[in-house]
Every structure is written in structure tokens, then in C-alpha cells.
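S.K.: Turn this into a structure:
(one chain, ligands or ions: 1)
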Amino acid sequence: MHYENILISNHNDFSIITINRPTKLNALNKATIKELHQAFKEADEDSSIKVIIVIGSGEKAFVAGADISEFANFSVEEGGKLAAKGQKLLFDFIENLSTPVIAAVNGFALGGGLELAMACHFRVASDNAKMGLPEVSLGLIPGYGGTQRLPNLVGKGRAMEMIMTAGMIDAKQALSYGLVNHVTPQEELLPFCEKLAQKISRNSSVAISAAIKAINANFIDGVNGFEVEIEEFGNCFGTEDFVEGTTAFLQKRKADFPGK
Ligand code: COA
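M.R.: The predicted model follows:
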């Protein structure tokens, strides 16, 4: 498929999706959200892609938020629909993807940009990155999951402060909050994420998908995560990856997982 707002580069075991609207600091308009949905779906369906890295183009921004020019005249109903559709198409979709997604936060990650990074399975930031949910400065609240995912990642008090002040935190503070897992110099961000992707891709992709489901279950109301874990753990015993993983261990060789 041809994309207007994103770039895709496929490597041996992983794919890099670059949000490419540098003149708008990669702000997420409707078209970009649709394209991202399609690109993540295609990558997830391609069994040769074991990890997806998402990054913003240029050196200034990961994503500077939802595209403000698109919703400035919206009604109550349109606003609700914007959030509902975006959450379903992109943010919840990524969080529940069976392929691991790493956010490479290479600059401003504001509003929908930070919400996108938070929907990814984990985040790595470059040392110039700035993160925040500035929506209340526009008379809004975060609408792409920010009020739910930020407290999960940094704790309720810090989330309250970040959202109420509409302020930005730098990469160092994000690291101390646990919002990002690592901070690198800007030029090392992508190579660092690629190394992580290669490390992940050596493991069983079937088991990793099961782990994503079990971990996510901890955050779904009314779902007992321990029960999901038990079920997913049991299912692993029926996979070819399990046979290969245990056989390779006993034969003192490296596993070569079929991903089934
Ligand atoms: N939506 C639409 N356009 C955006 C945008 C957004 N969220 N963020 C940046 N842009 C556009 C600017 O309008 C500008 O476009 P123009 O050159 O056509 O006027 C371009 O990107 C560059 O941004 P600019 O503001 O000139 O860069 P800066 O370095 O002075 O400031 C930011 C950078 C990130 C601090 C600033 O762009 C900003 O505050 N953006 C909005 C962040 C936000 O509130 N996000 C949450 C949205 S819900």
C-alpha cells in the first residue's frame, strides 16, 4: 500500500514505521491515524516481522500531538467520536498487537504523541525528548487514553500533576518516572532500539504474544490476569516453539524458533 504520511522500512526481523509530517512536527491527523492502523496491521500479519519500532521523522519531534487544526471547530458529538475512533483504530490496537512495539521517542511527544508512545509496549527516549499531556491548556483533556495509561505508568499523583500543569518533562525525568525505559544520545536512539529488537526477535514470537496478552490482562477491569496467565502458559505447551525451545536447551544449542 502507498502511504502519504508514514514511511516503512523492513529489516531482517523488524520493521521501522516513521511518522513523516515533519513540517507539522508529525502531528496525528485523521489520515495518518488510518495509515498507521493499516501499517501496524500489515506488519502484525507478516510473520517475518518480529518487532515494530515507531519513530517520528526529523530531529525535533516524535509526534507533537493530535492535529489541532482538524478538530478546532468540532461539536461535542464530533469530539467524542474523534476520541472513540482514534482509540479503537490506533491506540488500543497497538497496545493489543501480538507483535511487540517499541516507541523510539526522538523529540517532542505531546498529547496524542505521548499517548501513542504510551500505547506502545515500551519506550526508549533520546536525550532531547520532551513529554507531556498539554490538553488542558487547549480546554481539553487527553482523549486517546492518556488519562488511563499515564497513571498506570507513572502513578496517579505524577499523572495528575503532569495533566493539570500541562507541562513537559525531559527525558531524564521521564526515565526517573518509569515512563521510558532508557535514554540515549539522539544519534544512538535508533541503533539502540534496533539492538533491542534483535534481542527480542531471537525469542519465541508465540510466547511473546502470549506474554503481551497476560500482561495487558492486569490492566483490564473485571479480568483476572492470573487466570489469563494460567491459560496462556498452558497454551504454550501446545506450540512448536515450546518443543524447539526446550529441545534446544536440553541439546545445549541455540533455539531456532519456527514462530508457531
Ligand atoms: N497540531 C497541528 N499542528 C501542529 C501541532 C499540532 N499538535 N504541533 C505543531 N504543529 C505545527 C505548527 O502549527 C507549525 O506549523 P506551521 O509552520 O504551518 O505554522 C509547525 O507544526 C511547527 O510548530 P511550531 O509551533 O512552529 O514549533 P515550535 O518549535 O515553536 O514549538 C511545540 C514546538 C511542540 C512546543 C509546539 O508546536 C506546540 O506546542 N505544539 C502543540 C502541542 C500540543 O498542544 N499538543 C496536544 C494536542 S491535543
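S.K.: need the strands for the stretch 51-200 of the chain, in chain order.
M.R.: For the stretch 51-200 of the chain, strands defined by DSSP state E, counting those that start in this stretch occupy the ranges 51-56, 61-63, 101-105, 108-110, 122-126, 130-132, 168-170, 182-184.
S.K.: could you dump the fifth one to CSV, C-alpha only?
M.R.: Once non-C-alpha atoms are left out, strand 122-126 reads as follows in CSV (Å, rounded to 0.1, in the frame of the first residue of the first chain):
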residue,chain,number,x,y,z
PHE,A,122,7.6,0.1,26.0
ARG,A,123,9.5,3.3,25.2
VAL,A,124,13.1,4.5,24.7
ALA,A,125,13.8,8.2,24.5
SER,A,126,16.6,10.3,23.1
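S.K.: In terms of secondary structure, what does it contact?
M.R.: Packing contacts for strand 122-126, counted by 3 or more CB pairs under 8 Å, 6 or more residues apart in numbering; DSSP states H and E, involve strand 101-105, helix 171-177, strand 182-184, helix 189-201. To be clear about C-beta, it is placed using only N, CA and C from the backbone, and glycine gets the same treatment.
S.K.: buried set for the very next helix or strand once past the last one?
M.R.: In other words, helix 189-201. Per DSSP states H and E, the first helix or strand lying C-terminal to helix 189-201 is helix 205-217. Judged by neighbour count (16 or more other CB atoms under 10 Å), helix 205-217 contains these buried residues: S205, V206, A207, I208, S209, A210, A211, I212, K213, A214, A217.
S.K.: Is the fifth one in contact with S98, as I believe?
M.R.: Yes. Here S209 lies in contact with S98, judged by CB atoms under 8 Å, at a distance of 3.7 Å.
S.K.: Would you mind measuring from L116 to G79?
M.R.: Here L116 is placed at a distance of 19 Å from G79 (CB to CB, to the nearest Å).
S.K.: Please apply the same query to V243.
M.R.: Remark: distance between V243 and G79 (CB to CB) = 51 Å.
S.K.: What about K88, how many residues nearby?
M.R.: K88: 11 surrounding residues under other CB atoms under 10 Å.
S.K.: Break the protein down into its domains, please.
M.R.: 6-201, 205-250 (automatic domain parsing).
S.K.: and those domains as a markdown table, adding distance to the ligand and mean pLDDT?
M.R.: Formatted as a markdown table, those follow (distance: least, CB to the nearest ligand atom, whole Å; pLDDT from 0 to 100):
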| stretch | distance to the ligand | mean pLDDT |
| --- | --- | --- |
| domain 6-201 | 3 | 98 |
| domain 205-250 | 23 | 97 |
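S.K.: ranking these by burial, who's on top?
M.R.: domain 6-201 (a mean of 19; mean count of other CB atoms under 10 Å).
S.K.: Kindly check the end-to-end length of that domain for me.
M.R.: 24 Å (CA to CA, to the nearest Å).
S.K.: I'd like the distance between E232 and G225.
M.R.: With the distance defined as CB to CB, E232 ends up 10 Å from G225.
S.K.: can the domains of the chain go into CSV with extra columns for distance to F257?
M.R.: Output for the domains of the chain, formatted as CSV (distance: least, CB to CB, whole Å):
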stretch, distance to F257
domain 6-201, 9
domain 205-250, 5
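S.K.: closest to P258 out of these?
M.R.: Closest approach to P258 among the domains of the chain is made by domain 205-250 (4.9 Å; CB to CB).
S.K.: starting at the chain centroid, how far to that closest one?
M.R.: Here domain 205-250 is found 20 Å from its chain centre; the criterion is CA atoms, centre = their mean, to the nearest Å.
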